[in-house]
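> just the structure for this:
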Amino acid sequence: MTQYNEVVIKYTPVFTANLEAYNEKIYRVIANQGSSRSSKSYSIAQLLIKIAIEEKKHITVCSPSLPHLKRGARKDFLDILKATNLYSDNDFNKTDNIYKFPATGSTIEFFGADETNKLRGPGRDILFINEANLLPREAYTQLALRTKNTIFIDFNPADEFNWVYDVSDLEGNKLIHSTYKNNKGNLTPEQIKEIESLQYADENLWRVYGLGLRGTSSETIYTHYKVIDKFPKCDDIVFGLDFGFNHPAALVKVGFIDGVCYAEEMIYESGLTNSDLALLVKQCDGLTKYSEIFCDTSRPESIEEMVRYGLNAKPAQKAVLDGIKCVKSFPLFITKNSTNLLKELRSYKWKVDKNGNKMEEPVKVKDDAIDATRYAIYTRFFKPKKKYSDAIY
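Model prediction:
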């Protein structure tokens with residue numbers, strides 16, 4: 001336990017490690033490398049709130065995109081403020097995404113790295129980059145140049161090579177390693193079981209998301225995609241939808257121009273009922289009542305509900321191997337705000353047997369947005385094979 005004035009909060013060893021590193025005042029960068037659910041992001045949020053109520057600091061919290069930030073780091077900050085009775089609606093400027101602490105004059109501002117004008121905007125005392133490995137190196141450089149004091153970054157080490165390793169390993173910076181075991185007291189048995197099941201699904205995913213260790217060379221399935229700033233104007237647009245509740249429901253918009261595919265993540269959220277999901281789908285940019293939405297066929301009742309809500313939902317073609325081949329046959333461009341889709345692409349790989357030989361079967365972990373993308377592309381171009389009796393001579 002620790003205190004914000006008279007408010008007692010629960011914390012993990014990850015919070016303690018970051019607090020001690022900050023108090024030493026010798027580290028330019030405090031990097032948090034960790035597994036899923038290790039409390040690294042939440043612990044940094046707790047620490048930055050503590051700093052804001054004790055010192056006058058201007059703090060920036062940045063994430064790959066604003067939607068990603070709202071679902072993740074900003075939500076953590078607001079949840080902590082509310083849980084500790086420190087939140088006041090009057091102190092939160094929702095338009096500019098700035099929270100003020102009147103007693104000290106501190107501010108915490110939130111913005112996505114896709115807001116390029118803010119990368120080169122005014123500076124700050126302290127910077128926190130959430131999921132820093134998903135940002136381009138140039139974005140980090142611009143933010144770092146405008147930061148006077150400490151920089152906090154956190155990341156899942158999914159990539160074999162990434163600029164965050166150069167920064168976190170640099171002499172004079174501090175690297176803090178954490179796993180879900182540092183946070184077990186705050187996890188449900190179901191969450192622990194899901195993480196620990198990775199050791200039986202795939203060795204590399206267990207290294208990254210279970211042990212918080214850096215990814216090794218693997219049989220990555222999709223390597224041909226490129227990241228672009230914005231989704232272009234396309235006359236031919238379809239959508240792919242992968243249903244979920246405990247796992248995220250994922251909707252991906254796919255457009256086609258001259259044999260090139262463009263994809264943008266539209267929805268990626270857990271805990272949605274079908275009515276919740278239908279409402280969000282209807283609000284998506286580029287979707288009309290005529291837009292085809294190719295859906296996971298394992299949920300026919302959910303497809304029917306989408307239709308009853310007025311959506312043009314249809315069963316997708318789900319042949320996995322043929323679908324993967326189809327996706328790989330097109331140049332593929334992903335918008336940079338498609339945070340979760342890009343994260344999945346980095347770790348989506350073929351299974352290997354006990355001898356290390358690649359199998360023609362993908363590892364079925366963290367693939368919700370990838371499946372939705374495949375449904376859209378493959379179903380749009382699927383042509384059933386002709387039966388012998390249909391052949392023309």
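> ranges for the helices of the stretch 1-150 of the chain?
For the stretch 1-150 of the chain, the helices defined by DSSP state H, counting those that start in this stretch occupy 13-24, 40-54, 66-71, 73-83, 116-119, 137-145.
> just the mean pLDDT for the fifth one, thanks.
Put plainly, it is helix 116-119. What helix 116-119 shows for mean pLDDT is 90.
> try stretch 143-158
Mean predicted confidence for stretch 143-158 is 96.
> quick one: end-to-end distance for that stretch.
23 Å (CA to CA, to the nearest Å).
> for it, buried residues please.
By neighbour count with 16 or more other CB atoms under 10 Å, stretch 143-158 contains the buried residues 143, 146-147, 150-158. Every residue, glycine included, has its C-beta placed from N, CA and C.
> now the two most distant members of these.
R146 and A158 (27.6 Å; CB to CB).
> picking that back up, among the helices of the stretch 1-150 of the chain, which comes closest to I370?
helix 66-71 (17.1 Å).
> that closest one: which residues count as buried?
Neighbour counts over helix 66-71 (16+ other CB under 10 Å) mark 66-69, 71 as buried.
> pLDDT below threshold where in this structure?
1-8, 217-218, 385-393 (pLDDT under 70).
> pick out the residue nearest the middle of it.
Central residue check for the chain by CA atoms, centre = their mean: the C-alpha nearest the mean position is that of N340, 3.8 Å away.
> is it possible to get JSON lines of the helices of the stretch 1-150 of the chain that adds distance to T107?
Listed next are these as JSON lines, based on distance: least, CB to CB, whole Å:
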{"stretch": "helix 13-24", "distance to T107": "18"}
{"stretch": "helix 40-54", "distance to T107": "8"}
{"stretch": "helix 66-71", "distance to T107": "16"}
{"stretch": "helix 73-83", "distance to T107": "12"}
{"stretch": "helix 116-119", "distance to T107": "14"}
{"stretch": "helix 137-145", "distance to T107": "16"}
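> could you single out the most deeply buried of those helices?
helix 40-54 (a mean of 24; mean count of other CB atoms under 10 Å).
> got the angle for that helix vs helix 73-83?
Using axes from the mean of the first three to the mean of the last three CA atoms, to 10 degrees, the direction of helix 40-54 lies 60 degrees away from that of helix 73-83.
> helices and strands around helix 40-54, which ones?
With contacts defined as 3 or more CB pairs under 8 Å, 6 or more residues apart in numbering; DSSP states H and E, helix 40-54 has these neighbours: strand 2-4, helix 13-24, strand 29-34, strand 58-63, helix 73-83, strand 106-112, strand 126-129, strand 151-155.
> redo these as JSON lines? Include distance to T220.
Output for the helices and strands packed on helix 40-54, formatted as JSON lines (distance: least, CB to CB, whole Å):
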{"stretch": "strand 2-4", "distance to T220": "42"}
{"stretch": "helix 13-24", "distance to T220": "29"}
{"stretch": "strand 29-34", "distance to T220": "20"}
{"stretch": "strand 58-63", "distance to T220": "24"}
{"stretch": "helix 73-83", "distance to T220": "27"}
{"stretch": "strand 106-112", "distance to T220": "26"}
{"stretch": "strand 126-129", "distance to T220": "24"}
{"stretch": "strand 151-155", "distance to T220": "18"}
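> got the contact list for R207?
Residues near R207 by CB atoms under 8 Å, 6 or more residues apart in numbering: 213-216.
> er, A21 actually
If you count contacts by CB under 8 Å, 6+ apart, then A21 has 27, 30, 174, 176 around it.
> which of these are buried?
Among those, those scoring as buried are 27, 30, 174, 176 (criterion: 16+ other CB under 10 Å).
> and L78, how far from F92?
Using CB to CB, to the nearest Å, L78 is found at 8 Å from F92.
> name the residues contacting each of these two.
By CB under 8 Å, 6+ apart, L78 and F92 have these common neighbours: Y99.
> which other residues reach stretch 216-233?
114, 160, 204, 207, 253, 255, 257, 262, 264, 286, 324, 327-328, 331-336, 342, 345-350, 352, 358, 362, 370.
> buried residues of it, list them for me.
218-219, 221-222, 225, 231.
> now stretch 171-185
Buried residues in stretch 171-185 (16+ other CB under 10 Å): 173-183.
> isn't Y268 up against N340?
Yes - counting by CB atoms under 8 Å, Y268 touches N340, with 4.4 Å between them.
> which neighbours do the two share?
248, 250, 368-369.
> which among the helices of the stretch 1-150 of the chain is found nearest to G244?
Nearest of these (CB to CB): helix 66-71, 14.6 Å.
> that older thread, export the shared contacts of Y268 and N340 to JSON lines and append columns for secondary structure.
Below are the shared contacts of Y268 and N340 laid out as JSON lines (DSSP: H, G, I helix; E, B strand; the rest coil):
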{"residue": "P248", "secondary structure": "coil"}
{"residue": "A250", "secondary structure": "strand"}
{"residue": "D368", "secondary structure": "helix"}
{"residue": "A369", "secondary structure": "helix"}
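> could you identify which of those has the most neighbours?
Highest neighbour count within the shared contacts of Y268 and N340: A369, with 29 neighbours (other CB atoms under 10 Å).
> please verify my assumption that it contacts R346.
No - using CB under 8 Å as the test, A369 is too far from R346 to be in contact (11.9 Å).
> now the helices: where do they sit in the stretch 251-393 of the chain?
For the stretch 251-393 of the chain, the helices defined by DSSP H, counting those that start in this stretch cover 274-282, 300-308, 320-328, 339-347, 368-381.
> of these, which is nearest F239?
Short answer: helix 368-381, nearest of the helices of the stretch 251-393 of the chain by CB to CB, at 6.0 Å.
> in that closest one, which residues are buried?
Of the residues in helix 368-381, 368-380 count as buried by neighbour count, 16+ other CB under 10 Å.
> all strands for the stretch 101-250 of the chain, in order.
Here the stretch 101-250 of the chain has its strands, by DSSP state E, counting those that start in this stretch, at 106-112, 126-129, 151-155, 174-178, 226-228, 236-242, 249-257.
> just send these back as a markdown table, with distance to I44 too.
A markdown table is the format used below for these (distance: least, CB to CB, whole Å):
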| stretch | distance to I44 |
| --- | --- |
| strand 106-112 | 12 |
| strand 126-129 | 6 |
| strand 151-155 | 5 |
| strand 174-178 | 10 |
| strand 226-228 | 26 |
| strand 236-242 | 31 |
| strand 249-257 | 27 |
